[in-house]
Structures are given as C-alpha cells and as structure tokens.
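K.L.:
Sequence plus the predicted model coming up.
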Amino acid sequence: MKHFNYFPLYEDIRKRQKQELINALKKFPNHEFHFGMDYIGNDQKEMAEHPYIIGYLGEEPVDLKVMAVREKNGSIYIMARDERSGVDGTITDVNMDVVLGHIENILDELPDM
C-alpha cells in the first residue's frame, strides 16, 4: 500500500532529540550525568531518578535502565543496564540502538541547569 514517507520526519526527530541531549549534557561537569547518584563538592549535586528506555544491547530490544549519559566531541554515550538479564553496556549509536522517541525519557529526568 502506498503511504506517506515518514522516514524524513523520524530522522528529524532523532536529530533534534540527540542535539537537545548534547546541549543539555554540555551544562554538566565533564559533560556527563549519573542517575541515582548524589555528589558533594564541585561535582554532580543533583540526584535524579533512573530513566528507562527501550534499546539494544544485543539482538533484541529490551527495557534498559539508564545509569549515566555522557557527551564527548558531539557523540552520546548511554550507559545502561538490562535488569532482566543483568547485562550492562554502553550505547554509542542512538540512531540504531535506541527506539525512536526514547531519548526524551532521558531528557525528562535530567535536572535543569
């Protein structure tokens, strides 16, 4: 069946969410944020709940608990845990390994800076 080509819209959403996350992380020390942790001193002072995303650490999409996010040279690194299997991993390709729209879950939990 012929239908509207949504792919350019999906690409635009991914691009915008990725840039929004990069911009947010640049406001934090070392351009990173660790969820569920509270630091003292010049480091992280805000504690935030762990966001959950659907993403890939292997072959199949799973619910992932986001432990930390980092921006380095325009790239995003998402440290995540599959609590069901106990597997930890780092997502480096948000376009391929994070389900569309789930970057928003991370943005929602980051404290305002």
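P.N.:
Yep, that arrived. Here the structure is a predicted model, which means the values were calculated and not measured. Numbers count the residues shown, from 1 in each chain.

K.L.:
and the lengthiest helix in the chain, what does it pack onto?
P.N.:
Ranked by residue count and defined by DSSP state H, the top helix of the chain is helix 7-25. Contacts defined by 3 or more Cβ pairs under 8 Å, 6 or more residues apart in numbering; DSSP states H and E place helix 7-25 against strand 61-72, strand 75-82, helix 94-97, helix 103-109. Yep, even glycine has a C-beta here, placed from its N, CA and C like the rest.

K.L.:
Can you give me the pLDDT of residue 36?
P.N.:
Per-residue pLDDT puts residue 36 at 85.

K.L.:
contacting residues for it?
P.N.:
With contact set as Cβ atoms under 8 Å, 6 or more residues apart in numbering, residue 36 has these partners: 47, 48, 49, 50, 67.

K.L.:
Not counting its neighbours along the chain, what's nearest the last one?
P.N.:
The shortest distance from residue 67 to any non-neighbouring residue, by Cβ to Cβ, 6 or more residues apart in numbering, is to residue 79 (4.5 Å).

K.L.:
My guess is the one you found contacts residue 65. True?
P.N.:
No: here residue 79 lies out of contact with residue 65, judged by Cβ atoms under 8 Å, at a distance of 9.8 Å.

K.L.:
can you tell me which residues contact the closest residue to residue 13 other than its chain neighbours?
P.N.:
Distance criterion Cβ to Cβ, 6+ apart; nearest residue to residue 13, sequence neighbours excluded, is residue 100 at 6.5 Å. Shown in contact with residue 100 (Cβ under 8 Å, 6+ apart): 10, 13, 14.

K.L.:
Looking at these, state which has the most neighbours.
P.N.:
residue 14 (17 neighbours; other Cβ atoms under 10 Å).

K.L.:
if we can go back for a sec, burial count for the residue nearest to residue 67?
P.N.:
By other Cβ under 10 Å, the residues close to residue 79 number 18.

K.L.:
Sweet, I'm off.
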